[in-house]
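Asker: Dropping the sequence and predicted coords here.
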Amino acid sequence: MTDPTSRALRLLGLLEARAVWTGAELAERLGVTSRTLRRDVDRLRTLGYVVEADPGPGGGYALGRGQVVPPLLLDEDQAVAVTLALTRAAHAGDGVAAESALRALATLDALMPADLRHRLEGLRAASTVGAGDGPPVGPELLACADAVRRRVRLTFGYRDRRGARTERRVEPHRLVARARAWLLVAHDLDRDDWRTFRVDRIVDPAVGTWAFTPRPDLAEALARLDEPTPPEAWRHRVSVRVHAPLESVRASLPATAGRLTALDARTTAFETGADDPAEAARWLALLGHEFEVLGDEPVRAAVAALADRLHRSTVQVLRG
């Protein structure tokens with residue numbers, strides 16, 4: 001690193017990252033001599049930064065506080081994390097909080113290198129942030145955001161919940177952040193229909209150059225995100241007869257939990273699915289109403305096993 005300006009910024013970033021550095025450590029990181037390092041430190045001081053130095057044994061360099069606010073130096077992962085946090089605040093907040101988040105995003109834009117700025121713009125413009133903590137961000141998410149921003153086709157391998165892989169060619173329209181996953185809403189070209197993909201199941205995404213015109217029925221596709229997953233999409237079908245009126249059951253379950261049908265004024269059919277029968281048994285135990293499990297048989301067995309385990313734990317307490 002021979003350019004003095006670049007070297008000074010790199011030095012400033014190192015001083016911000018750790019409380020104290022020895023001169024030898026900084027010189028090695030920057031690839032310069034001790035004499036050049038001292039000149040770079042003097043350059044920062046000339047610009048108004050407080051760089052404290054202790055030349056004695058065990059001493060080193062430290063960035064003081066006050067006088068000048070250092071420039072914002074973030075690596076790419078940090079910039080993405082800050083962008084997502086501010087985007088979430090801007091969407092979820094109101095009034096002063098939302099405005100402050102938007103102004104902070106504008107400040108971040110002004111400080112980012114052009115290439116990274118464009119990628120972060122794509123992430124924000126392509127994203128709809130929902131409630132709850134956002135899922136992790138990786139290169140697959142940035143590739144999807146880039147394709148959405150540029151309105152170009154995207155190809156990738158996709159593994160479904162059973163692990164089967166298919167190859168997809170899509171027109172990506174929107175990214176939606178949910179509590180447990182990022183979802184890509186796209187028009188699947190080979191199936192000629194809308195599909196929703198979990199980004200953490202996308203493999204080897206490739207952003208193309210073929211531009212597309214956004215489809216007018218995107219709003220309908222987004223609305224379907226709030227509909228329950230069809231029971232047949234799961235490994236196990238969960239069929240339950242709930243001894244409570246339809247409205248009472250509906251009030252106790254998320255809208256996406258499954259299909260509810262009134263059997264009579266006091267009984268409701270609940271149809272959903274699960275990949276793990278034991279997990280289905282655990283959340284059925286939280287239902288809050290009396291119920292009967294009609295199927296499938298692995299789910300019935302898992303509910304029976306959970307009931308038996310809970311019963312044994314109660315008996316042991318009574319005996320103790």
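Answerer: Thanks, I have it.

Asker: In terms of secondary structure, what does the longest strand belonging to the chain contact?
Answerer: Counting residues, the longest strand in the chain under DSSP state E turns out to be strand 165-177. Strand 165-177 sits against strand 127-129, helix 139-150, strand 152-159, strand 182-188, strand 193-198, helix 218-223, with contacts defined as 3 or more C-beta pairs under 8 Å, 6 or more residues apart in numbering; DSSP states H and E. No exception for glycine: its C-beta is placed from N, CA and C like everyone else's.

Asker: which strands and helices sit next to the fourth one?
Answerer: Packing contacts for strand 182-188, counted by 3+ C-beta pairs under 8 Å, 6+ apart, involve helix 139-150, strand 165-177, strand 193-198, helix 218-223.

Asker: neighbouring strands for the longest one, and are they parallel or not?
Answerer: Strand 165-177 has the following strand partners under DSSP bridges: strand 127-129 (parallel), strand 152-159 (antiparallel), strand 182-188 (antiparallel).

Asker: Identify, out of the ones you listed, the most deeply packed stretch.
Answerer: Comparing the strands paired with strand 165-177 by mean neighbour count (mean count of other C-beta atoms under 10 Å), strand 182-188 comes out on top with a mean of 23.

Asker: what's the spacing between that one and its chain's center?
Answerer: Distance of strand 182-188 from the chain centroid (C-alpha atoms, centre = their mean, to the nearest Å) equals 15 Å.

Asker: Could you do stretch 264-274 as well?
Answerer: So, by C-alpha atoms, centre = their mean, the centroid of stretch 264-274 is 33 Å from its chain's centroid.

Asker: Let me see the residues that make contact with that stretch.
Answerer: The contact list for stretch 264-274, computed with C-beta atoms under 8 Å, 6 or more residues apart in numbering, reads 228-246, 249, 253, 257-263, 280, 291, 299.

Asker: Now that we have these, which of them are buried?
Answerer: Neighbour counting over the contacts of stretch 264-274 (16 or more other C-beta atoms under 10 Å) leaves 228, 231, 234, 236-240, 242, 244-246, 249, 253, 257-258, 260, 280, 291, 299 as the buried ones.

Asker: Can you list the residue ranges for strands in this structure?
Answerer: 51-53, 61-63, 127-129, 152-159, 165-177, 182-188, 193-198, 202-211, 236-242, 259-264, 267-274, 291-295.

Asker: coming back round to it: what residues of the longest strand of the chain count as buried?
Answerer: Quick answer for strand 165-177 (16+ other C-beta under 10 Å): 168, 169, 170, 171, 172, 173, 174, 175, 176, 177.
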